[in-house]
Structure formats: structure tokens, C-alpha cells
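Engineer: sequence below, structure please.
(2 chains)
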2 protein chains.
Amino acid sequence: MEFSELVQQRRSIKSYQPGREISDAELKELMQEVVLSPSSFNLQHWTFITVRDTALREKIQESAWGQEQVGTSSIFLVICGKLNAHEDAPKIYQSVDQGIQDKVLPLIKSFYDGKDQLQRDEAIRSASLAAMTLMLAAQNRGWATVPMIGFDPDAVSKLVNLKPNYIPVMMMAVGFQKEEPRPRDYRRPIEEVVKMNTLNGPGLKG
Amino acid sequence: MEFSELVQQRRSIKSYQPGREISDAELKELMQEVVLSPSSFNLQHWTFITVRDTALREKIQESAWGQEQVGTSSIFLVICGKLNAHEDAPKIYQSVDQGIQDKVLPLIKSFYDGKDQLQRDEAIRSASLAAMTLMLAAQNRGWATVPMIGFDPDAVSKLVNLKPNYIPVMMMAVGFQKEEPRPRDYRRPIEEVVKMNTLNGPGLKG
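Structural biologist: Numbering: from 1, shown residues only, chains lettered A, B, ... in the order given. Down below sits the predicted model:
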């Protein structure tokens, strides 16, 4: 679908037709588009846990205010960010020119090493960029989505066996919508959203 | 353009044709698509500062490792996140049913109040979702982009007059690419990116 139409059509959908399957092969095709998202230094901080197991979904649902889409969506994802993704740089850069490696690898190390807040920020940033691509790529296949932050991160981390170097950045339901969405919610006007030169500059008129 | 083609075509571009203009009207049209991105509780934590002033761009460039795209891109944005966006909830929800307001507003307040880390996470998450939409919406107009995190956040915050309740989430150059991008960088294989049920579960084969 044409992008502008797609972005208009995408809505956050919480009500899904249960029992509708999306295959692993279809999910893989979707993900091949998602991983084309950019990330800081191409570190690709994202990992997507697809929860197929029904009992596990039920437990996650309990940790997510009982939200029904955890159970009824075709695909349910815990989107994670790797805090120490910068340590993967040697592997990620292994096939680029040695000259570039010699320049970039020490830069990455010094940029992230020991900086806990930056590592967390980065994991959230990269995983969120990928999450947005995922929502649009899903919509392009006729699949609805909803990003979720209403859950207990510690409980969910335990349920999907996250190690301490991973955080859940958001969860995402993907599936077939049950009914037409209600009208789109309020959006802040562009003059308020875009400011000229500084935060207290005039709003964009256009 | 069709989405799958668009997502393949989008690359991070650092080299721009200088002096090519994108008007405020064109930027506004772009932003009307960007603000359709989802955000937690629809709080729309994002604010985009468009730096048109040449002297200011030069100062930002100095705070950003001298990266040339700060000066040469048609549009240069500091994408900010509002830490206390939850305090805007009464305004954002003012035209929804009173019954929903009575339920949602206290929920939002208790979810965010006093939780500094969560507020920061949320600002980064929402602004990053919008940033990804922006990159794709720009590409759809034939404009290249590059997201940037290589800059001194304190220096940039001062330069664009951010108040303490805002953080710079990333910067973004938008413009006309000077040359064809080099081949796409390494991507982690899907089996490594998507795990079944738990982080240590098998990778997605598809």
C-alpha cells in the first residue's frame, strides 16, 4: 500500500479476532522489513520474543492489567532492548574494512562503556524505531497492531527469561481487528509540535 | 510509494546537496503524517525543533562532532521528548466522554507521577516512534534522512533553549542525497532477532 494511505490507516487496535493464525513464515517476512530500521552505530539493540505458548500468554496477560489482546492477537511480541549491544560491535563490524573497524570500534566502546543511562536510552530508542517499522509493515499486510507499555516489566522479564542485560521496551499485539476503530483521538496541532529554532520559538505555520 | 519498496529504499544518508530548500509548507505536510504515530496514552511526548538559523546550526554542528549534515541538510531537527507529558493529559483528553476521563486521568497520574526513569523512558519511546514515521514519510517524498545520537545533549539542550522538563531524544537531518548510498550494512539474521517464547528459546525459522 502507498505509504501516506498506510500511515492514515494504522490505528492502535485492542480487539482481535481470536484463533486467526499468522504463520512463522509470514512473521519472518515481516521481520525482514523490520530489521531494516536504523539503529545507533547499527548496533541493532532489538530482540523480539514471539509468545506462542498459551499458558505463557495467560501469565503475561495477568502482568498486563488483564488486557485481552495478549490472549486474542495472532502474534504477541515482547520487544526487548539489549543494554550492552555495544559489546557486539566487533561481530557487527567484522566484515567492514579494517581501517573503518580501527576507527569505529574504539569510538563505540568509549561512547557507551560504563554509561548505564545512555545504554538504556539507546536500547529504548533503537527498539522503538524498529517497533514503528513493525506496526507499519504489519498494517501493509492487513494486520492490526497495538503497542503496549501497561505491564509490570519485572514480572514480564521473568516470564520470558530476560537476562539482566535486556529490558522489555514495549509489548506488541498483531492480528486481525474485530471491528472498525473509533474515530482517531486528538492530535496536538502542528504549530505546537514543531517549533522554529528553539523550544520557545514560534510554531510552524507552513 | 508502496511501503515494502519504501522501507527497502530508506537508508541513513550523511551527505546532502547543500542549498536545496524544503519549505515550511512541505515540512508541515510531512509532520501531519508524523503526528499520527502512536504514543503511550496518546500523550504525544514529541516536540520537533526545526533549526533554520545558520549560526545556530553551526553551533549545533560543533556540539555534534562536526558532522557535515548538520549544515548541509535542507531541514535539521532536534527531536525532543517531554518528561512530564502526562501532566498534559487533562488537555489531551478534554473532549472525550467524562466517564472515560474519570477513569483514564487518575490512571495516567498514578502511572507516571514521581517516576523519573519511566518518564524518561516514555519520552524516548514516543519520540522514537515518531522519528521512524518521519524517516519513512520523508523517504516517500524523495527526501533522505539520518537519525543522529552523536552529540553533546547538554550543549544542544542549551542551544535550543530546552527547559529541564525536555530532553533531546535524537537529531535528524532531512534533505536531498548527494550520491547513491553504499551497500546496506550487516543485519543480524532473523533467527537471532526473533526468539520463540523466551529469550533463550529457539530462533524463528519460518
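
Engineer: going forward, measure contacts and count neighbours with C-alpha atoms only.
Structural biologist: Fine.

Engineer: so who does the residue nearest the centre of chain A touch?
Structural biologist: Per CA atoms, centre = their mean, the C-alpha nearest to the average position across chain A is that of A:Ala131, at 2.5 Å. The neighbourhood of A:Ala131, defined by CA atoms under 8 Å, 6 or more residues apart in numbering or on different chains, consists of A:Val34, A:Ile79, B:Leu129.

Engineer: what strand or helix carries it?
Structural biologist: Per DSSP states H and E: A:Ala131 is located in helix A:116-139.

Engineer: and that helix, what's buried?
Structural biologist: Buried residues in helix A:116-139, counted by 16 or more other CA atoms under 10 Å in any protein chain shown: A:119-139.

Engineer: same for the longest strand along chain A, what does it pack against?
Structural biologist: Counting by DSSP state E, the longest strand found in chain A is strand A:166-175. Packing partners of strand A:166-175 (3 or more CA pairs under 8 Å, 6 or more residues apart in numbering or on different chains; DSSP states H and E): strand A:75-82, helix A:116-139, strand A:144-148, helix A:153-159.

Engineer: of the ones you listed, give the one that comes closest to A:Ile60.
Structural biologist: helix A:153-159 (6.2 Å; CA to CA).

Engineer: and the closest one, what does it pack against?
Structural biologist: On a contact count with 3+ CA pairs under 8 Å, 6+ apart, helix A:153-159 meets helix A:54-62, strand A:166-175.

Engineer: where in chain A is pLDDT low?
Structural biologist: Applying pLDDT under 70 to chain A flags no residue at all.

Engineer: let's see that with 90 instead.
Structural biologist: A:182, A:206 (pLDDT under 90).

Engineer: show me what contacts A:Met132?
Structural biologist: Residues in contact with A:Met132 (CA under 8 Å, 6+ apart) are B:Leu129, B:Ala130, B:Met132, B:Thr133.

Engineer: could I get the residues you listed as a markdown table with distance to B:Tyr93?
Structural biologist: Formatted as a markdown table, the contacts of A:Met132 follow (distance: CA to CA, whole Å):
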| residue | distance to B:Tyr93 |
| --- | --- |
| B:Leu129 | 21 |
| B:Ala130 | 20 |
| B:Met132 | 25 |
| B:Thr133 | 24 |
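
Engineer: ok, for A:Glu192, nearest residue in space, not its chain neighbours?
Structural biologist: A:Gly203 (5.7 Å; CA to CA, 6 or more residues apart in numbering or on different chains).

Engineer: actually A:Thr198, sorry about that
Structural biologist: Per CA to CA, 6+ apart, closest to A:Thr198 is B:Val160, 4.2 Å.

Engineer: what residues does that neighbour make contact with?
Structural biologist: A:Asn197, A:Thr198, A:Leu199, B:Ile49.

Engineer: give me phi/psi at it?
Structural biologist: phi -100, psi 20 (degrees, to the nearest 10).

Engineer: for the one 5 residues further on, same thing?
Structural biologist: B:Asn165 adopts backbone torsions of phi -90, psi 10, taken as degrees, to the nearest 10.

Engineer: for A:Met196, same thing?
Structural biologist: Dihedral angles (degrees, to the nearest 10) for A:Met196: phi -90, psi 120.

Engineer: bridging residues for A:Ala173?
Structural biologist: Per DSSP bridges, the residues bridged to A:Ala173 are A:Phe76, A:Val146.

Engineer: name the residues that touch the longest strand of chain A?
Structural biologist: Residues contacting strand A:166-175 (CA under 8 Å, 6+ apart): A:16-17, A:20, A:22, A:69-70, A:73-83, A:123-124, A:127-128, A:138, A:143-149, A:153, A:156-157.

Engineer: now for A:Lys109, how many residues are close by?
Structural biologist: 13 (other CA atoms under 10 Å in any protein chain shown).

Engineer: ok and the one helix or strand it maps to relative to helix A:116-139, angle-wise?
Structural biologist: Using DSSP H and E, the element containing A:Lys109 is helix A:98-112. Relative orientation of helix A:98-112 and helix A:116-139, computed by axes from the mean of the first three to the mean of the last three CA atoms, to 10 degrees: 110 degrees.

Engineer: run the chain-centre distance for helix A:98-112.
Structural biologist: Averaged C-alpha coordinates place helix A:98-112 at 27 Å from its chain's average position (CA atoms, centre = their mean, to the nearest Å).

Engineer: other SSEs contacting it?
Structural biologist: helix A:89-92.

Engineer: is any residue of the helix it packs on near chain B?
Structural biologist: Yes: using CA under 8 Å from any CA of the partner chain, helix A:89-92 comes into contact with chain B via A:Ile92.

Engineer: and stretch A:22-38, by the same measure?
Structural biologist: Yes: counting by CA under 8 Å from any CA, chain B has neighbours in stretch A:22-38: A:Ser23, A:Asp24, A:Ala25, A:Glu26, A:Leu27, A:Lys28, A:Met31, A:Gln32, A:Glu33, A:Val35, A:Leu36, A:Pro38.

Engineer: what does that stretch contact?
Structural biologist: With CA under 8 Å, 6+ apart as the criterion, stretch A:22-38 contacts A:44, A:74-75, A:126, A:129-131, A:133-134, A:137-138, A:175, B:4, B:7-8, B:11-12, B:147, B:187-188, B:190, B:204-206.

Engineer: which among the contacts of strand A:166-175 count as buried?
Structural biologist: For the contacts of strand A:166-175, a burial check counting by 16+ other CA under 10 Å picks out A:16, A:69-70, A:73-83, A:123-124, A:127-128, A:138, A:143-149, A:153, A:156-157.

Engineer: ok, A:Val146 touching A:Tyr16?
Structural biologist: No: using CA atoms under 8 Å, A:Val146 is not in contact with A:Tyr16, being 10.4 Å away.
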